[in-house]
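Visitor: Sequence and predicted structure, then a few things I'm wondering about:
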Amino acid sequence: MATIGDNLQAVKSRIARAAREVRRDPAALVLLAVSKGQPAAGIEEARAAGQAAFGENYVQEALAKMDVLPGLEWHLIGPLQSNKTRVVAERFDWVQTVASEKIARRLSEQRPAGLPPLNVLVQVNASGEATKSGVSPQDVSSLCNEIVKLKSLRLRGLMAIPEPGAPRERFREVRALYEALKERFGFDTLSMGMSGDLELAIAEGATLVRVGTAIFGSRSPSRGPVRSAA
């Protein structure tokens, strides 16, 4: 049976092959290990294999892991409610799902003065699905205009979650939006692609891919207590 370390290396090989096929530098691509629903022991195993950046969907679950796994880079990749902005501003390194000026302003105001600016991405609802979070493509520029005014945030780029089986054009549309705004706002990160479509995302310009199942296997059925890695 493959270990998490084996899986991690297999994913890195997929990323490298996908990059080379479109003449991109594999070293310029970032792998975010999505650890939602995984115990701390699994994250520790991934860390031992060289992974340092992890993505979590649920704030409380993430906080429990942070308490037993110091020194890692944590990304919030799930929707953020306004009543959770303070603890997110205090504990996370990145928020990939900023979708309103209100949330952005609260994150900036609540980021502790002793910490560097919080890295943020604007989430784009590229498919227009009513059940999916994010900003419509036509509203992305105006939200970015407001975020860059906030001193405790660092706007890094865009994030999107194309629907399962999305056509290549969906990825291409997000990349085109990213490229159109890149120079104006100093973007350096396009977060797009998961276990099943990372090759397509890389071919269409993703700089960061979010991979969970291909590294950790199936997720736990519930978000119960987090076990210590000790």
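Guide: Yes, it's here. Note that this is a predicted model, so its numbers are computed, not measured.
Visitor: chain center to the helix or strand containing residue 11, what's the gap?
Guide: Secondary structure from DSSP states H and E places residue 11 in helix 4-21. With C-alpha atoms, centre = their mean, to the nearest Å as the basis, helix 4-21 stands 18 Å off its chain's centre.
Visitor: Could you name the helices and strands sitting against it?
Guide: Helix 4-21 sits against strand 30-34, helix 40-48, helix 198-203, helix 213-216, with contacts defined as 3 or more C-beta pairs under 8 Å, 6 or more residues apart in numbering; DSSP states H and E. C-beta here means a position set from N, CA and C on the backbone, and glycine is covered the same way.
Visitor: So which of the ones you listed is nearest residue 99?
Guide: Nearest of those to residue 99, taken as C-beta to C-beta: strand 30-34 at 18.6 Å.
Visitor: ok and the closest one relative to helix 40-48, angle-wise?
Guide: Put simply, strand 30-34 runs at 160 degrees to helix 40-48, going by axes from the mean of the first three to the mean of the last three C-alpha atoms, to 10 degrees.
Visitor: Contacts made by strand 30-34 with the rest, please.
Guide: For strand 30-34, the external contacting residues (C-beta atoms under 8 Å, 6 or more residues apart in numbering) are 8, 11-12, 15, 43, 46, 51, 53-57, 75, 77, 189, 191, 194, 207-212, 215-216.
Visitor: Strand partners (parallel or antiparallel) of it?
Guide: Strand pairing for strand 30-34, using DSSP bridges, gives strand 53-56 (parallel), strand 208-211 (parallel).
Visitor: How about the contacts made by the residue nearest to residue 156 when sequence neighbours are not counted?
Guide: What sits nearest to residue 156 in space, not counting adjacent residues and going by C-beta to C-beta, 6 or more residues apart in numbering, is residue 189, at 4.2 Å. Counting by C-beta under 8 Å, 6+ apart, residue 189 touches 30, 121, 156, 157, 158, 207, 208.
Visitor: Selection in PyMOL covering whichever of those residues are buried, please.
Guide: A single PyMOL command selects the buried members of the contacts of residue 189 (16 or more other C-beta atoms under 10 Å):
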select buried, resi 121+156+157+158+207+208
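Visitor: just to revisit the earlier point, dump the helices and strands packed on helix 4-21 into CSV; add distance to residue 62 and mean pLDDT as well.
Guide: Below are the helices and strands packed on helix 4-21 laid out as CSV (distance: least, C-beta to C-beta, whole Å; pLDDT from 0 to 100):
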stretch, distance to residue 62, mean pLDDT
strand 30-34, 11, 98
helix 40-48, 11, 97
helix 198-203, 23, 97
helix 213-216, 15, 97
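Visitor: Kindly reformat these as JSON lines and extend each row with distance to residue 23.
Guide: Compiled in JSON lines, the helices and strands packed on helix 4-21 are given as follows (distance: least, C-beta to C-beta, whole Å):
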{"stretch": "strand 30-34", "distance to residue 23": "18"}
{"stretch": "helix 40-48", "distance to residue 23": "29"}
{"stretch": "helix 198-203", "distance to residue 23": "10"}
{"stretch": "helix 213-216", "distance to residue 23": "24"}
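Visitor: Out of the ones you listed, the one nearest residue 146 is which?
Guide: Among the helices and strands packed on helix 4-21, strand 30-34 sits nearest to residue 146 (C-beta to C-beta), with 25.4 Å.
Visitor: Now do the buried residues in the closest one.
Guide: Neighbour-count burial for strand 30-34 flags 31, 32, 33, 34 (criterion: 16+ other C-beta under 10 Å).
Visitor: farthest-separated two in the contacts of residue 189?
Guide: Pairwise distances among the contacts of residue 189 were taken by C-beta to C-beta; the largest, 14.1 Å, belongs to 30 and 158.
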